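Visitor: okay, here's the prediction I keep looking at, along with the sequence it came from:
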Amino acid sequence: MHRNRKAKIVATLGPATPDRAGIEALFKAGVDVFRLNFSHGSHADHQERARIIRELERDSGRPIGILLDLQGPKLRIATFADGPVRLEAGQTFDLDLRREQPGDAKRVALPHPEIFAALVVGAELLLDDGRIRLRVERCDDTSATTRVITGGPLSDRKGVNVPDVVLPLSALTEKDRADLAFGLKLDVDWVALSFVQRAEDIEEVKSIVAGRAGVIAKLEKPAAIADLDAIVAAADAIMVARGDLGVEMPAEQVPSIQKRIVKQCRRTGRPVIVATQMLDSMVAAPVPTRAEASDVATAIYDGADAVMLSAESASGNYPVEAVCIMDRIICQTESDPYYQEAIESARTPPERTATDAIGCAMRNITQVLAAAATVAYTTTGHSALHMARERPLAPIIGMTPRLATARRLALVWGVHALLIHDVADVGEMTDYACRAALNQGFAEAGATIVISAGLPFGTPGTTNLLRVATVG
């Protein structure tokens with residue numbers, strides 16, 4: 001069983017798909033990686049979903065990825081004494097640490113001393129997903145007086161964004177640490193870290209994960225964009241989290257930032273997911289808007305490894321239809337002759353390393369010989385990632401003796417992950433590669449395939465072998 005496309009689909013699980021039948025329907029419709037959103041649901045809920053996914057994996061014989069998405073710090077105001085208030089543009093509005101005193105139209109508690117520690121005069125605070133905009137006129141370690149720039153209704157416990165400053169916060173809360181420990185026991189394949197501000201946030205999580213899963217940096221803060229190169233270098237993959245990014249930065253900047261992130265990930269060979277509101281109207285409607293279809297296609301033209309569904313599959317009325325339509329958009333886009341032109345034009349020069357030289361040669365040989373498939377024999381996924389970085393015309397079969405690697409490769413562009421046993425020598429590896437291409441439906445007898453691997457086998461980061469073989 002393999003997909004007839006190269007970009008992957010990530011889908012969030014939730015109450016819309018509560019049982020095996022619902023999750024299996026999503027998988028058959030085209031999901032490659034399932035996202036467990038730990039902002040919602042109990043540990044028992046996520047454990048049951050993970051169990052079902054592993055059952056599907058066993059029954060289908062296809063490795064499936066599981067992505068644990070950590071909630072991250074949630075900054076919120078406190079409550080109001082008499083229900084919602086209305087803030088008027090031009091008025092002053094105070095924020096302080098007095099959680100015990102309910103708010104009114106002139107002040108409310110903001111029980112986060114770390115925000116006051118970082119605030120400066122002139123900084124902006126965004127409340128309720130940016131619907132309310134405040135500018136700081138005076139501040140100290142316990143309070144701030146602000147001027148309302150954009151007013152409107154404000155109610156209890158609305159979220160607060162602080163786009164202009166780097167907050168002295170760990171991206172990991174105590175809840176996140178407990179969720180991470182639990183998720184690692186479930187053998188999740190990817191961990192997505194929210195509220196990333198700097199590369200050090202990624203290193204903190206990596207020290208806990210200790211190689212048991214790949215770490216994804218969710219880019220949703222201006223500070224993260226300012227430190228983009230370092231964060232991409234530190235992370236195993238990147239998520240363009242356009243929801244909060246669109247709150248904290250002007251909406252007109254988000255498309256160019258998305259393209260910049262995808263380009264940097266393409267350059268460095270990091271898998272990149274484009275996420276948030278991709279088919280948002282399908283939460284309530286059986287078809288997307290034309291603009292949403294174009295949005296998904298744009299991410300594919302740019303060369304994203306994966307596109308993600310959030311509420312559409314977790315709580316929407318048409319979860320399976322959303323996956324089916326996303327699958328069709330990807331397939332249609334990848335069949336467009338302009339798609340290959342776009343992919344080629346976005347290619348970056350290889351670095352002076354053996355791995356990049358092998359990847360570049362592999363792509364050229366595949367094109368010259370019209371190879372039916374490329375095969376990466378890989379223990380850690382390194383060879384397959386470098387093949388995917390080159391975006392070859394032929395599909396990539398990622399053969400690996402490690403189930404954890406096969407599951408992780410489910411996220412990577414163009415890679416059909418296949419679990420095999422350890423091979424003793426190059427001859428045995430070549431025989432397996434030819435049989436895999438034939439049995440998995442990628443090649444017919446007599447077709448050419450191109451194989452890459454690292455010698456000695458099992459040594460990470462040693463892609464140094466390229467072989468051309470004929471399927472028998």
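Guide: Thanks, I have the structure now.

Visitor: switch to C-alpha atoms for all contacts and neighbour counts from now on
Guide: Noted.

Visitor: nearest spatial neighbour of A388, chain-adjacent residues omitted?
Guide: If you skip the residues right next to it in sequence, A388 has W413 as its closest partner in space, 6.0 Å away by Cα to Cα, 6 or more residues apart in numbering.

Visitor: in contact with the one you found, which residues?
Guide: Contacts for W413 (Cα atoms under 8 Å, 6 or more residues apart in numbering) come out as 6-8, 271, 304-306, 388, 391.

Visitor: so for it, what pLDDT did the model give?
Guide: pLDDT recorded at W413 is 98.

Visitor: look up phi and psi at it.
Guide: Backbone geometry at W413, expressed as degrees, to the nearest 10, gives phi -50, psi 130.

Visitor: what about R54, how many residues close to it?
Guide: R54 has 15 neighbours, counted by other Cα atoms under 10 Å.

Visitor: which parts of the stretch 51-200 of the chain are strands?
Guide: Assigned by DSSP state E, counting those that start in this stretch, the strands in the stretch 51-200 of the chain fall at 65-69, 85-87, 92-96, 107-109, 124-127, 132-139, 143-150, 152-154, 160-161, 190-193.

Visitor: could you point out which of these sits nearest R467?
Guide: strand 65-69 (29.0 Å; Cα to Cα).

Visitor: out of the contacts of W413, who's the most crowded?
Guide: Using other Cα under 10 Å as the neighbour criterion, D305 leads these with 28 neighbours.

Visitor: how far off centre is the longest helix along the chain?
Guide: The single longest helix within the chain, with elements called by DSSP state H, is helix 43-60. Distance of helix 43-60 from the chain centroid (Cα atoms, centre = their mean, to the nearest Å) equals 20 Å.

Visitor: same for that helix, what does it pack against?
Guide: Counting contacts by 3 or more Cα pairs under 8 Å, 6 or more residues apart in numbering; DSSP states H and E, helix 43-60 is packed against helix 20-29.

Visitor: so where do the helices sit in the stretch 301-450 of the chain?
Guide: 311-314, 319-334, 337-345, 354-369, 382-389, 403-408, 426-439 (DSSP state H, counting those that start in this stretch).

Visitor: just to revisit the earlier point, measure the residue nearest to A388 to A7 for me?
Guide: 5 Å (Cα to Cα, to the nearest Å).

Visitor: what is in contact with these two at once?
Guide: 304-306.

Visitor: and the nearest residue to P168 once chain neighbours are set aside, what is it in contact with?
Guide: Of all residues not flanking P168 in the chain, E114 sits nearest, at 6.1 Å (Cα to Cα, 6+ apart). Going by Cα under 8 Å, 6+ apart, E114 touches 167-169.

Visitor: and those residues, which are buried?
Guide: L167 (16 or more other Cα atoms under 10 Å).

Visitor: redo the contacts of E114 as a markdown table? Include pLDDT and distance to P349.
Guide: Shown next, in a markdown table, are those (pLDDT from 0 to 100; distance: Cα to Cα, whole Å):
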| residue | pLDDT | distance to P349 |
| --- | --- | --- |
| L167 | 90 | 37 |
| P168 | 90 | 38 |
| L169 | 88 | 37 |
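
Visitor: what about the contacts of E114, which are in helices?
Guide: Per DSSP H, those never map to helices.

Visitor: could I get the contacts of E114 as a markdown table with distance to L279?
Guide: Shown next, in a markdown table, are these (distance: Cα to Cα, whole Å):
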| residue | distance to L279 |
| --- | --- |
| L167 | 32 |
| P168 | 35 |
| L169 | 32 |
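
Visitor: residues near the residue nearest to A230 when sequence neighbours are not counted, how many?
Guide: Residue nearest to A230 in three dimensions, not counting chain neighbours: A199, with 5.8 Å by Cα to Cα, 6+ apart. Residues within reach of A199, counting by other Cα under 10 Å, total 19.

Visitor: same thing with C434?
Guide: 25.

Visitor: give the contact list for it.
Guide: 449, 469-472.

Visitor: circling back: closest one to R157 out of the shared contacts of W413 and A7, please.
Guide: A306 (33.3 Å).

Visitor: that closest one and M278, how far apart?
Guide: Relative to M278, and taking Cα to Cα, A306 is found at 12 Å.

Visitor: quick revisit: need the contacts of W413 in TSV with pLDDT and distance to E444, can you?
Guide: Formatted as TSV, the contacts of W413 follow (pLDDT from 0 to 100; distance: Cα to Cα, whole Å):
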residue	pLDDT	distance to E444
K6	97	20
A7	98	24
K8	98	25
P271	98	30
A304	97	29
D305	98	27
A306	98	28
A388	94	23
R391	93	22
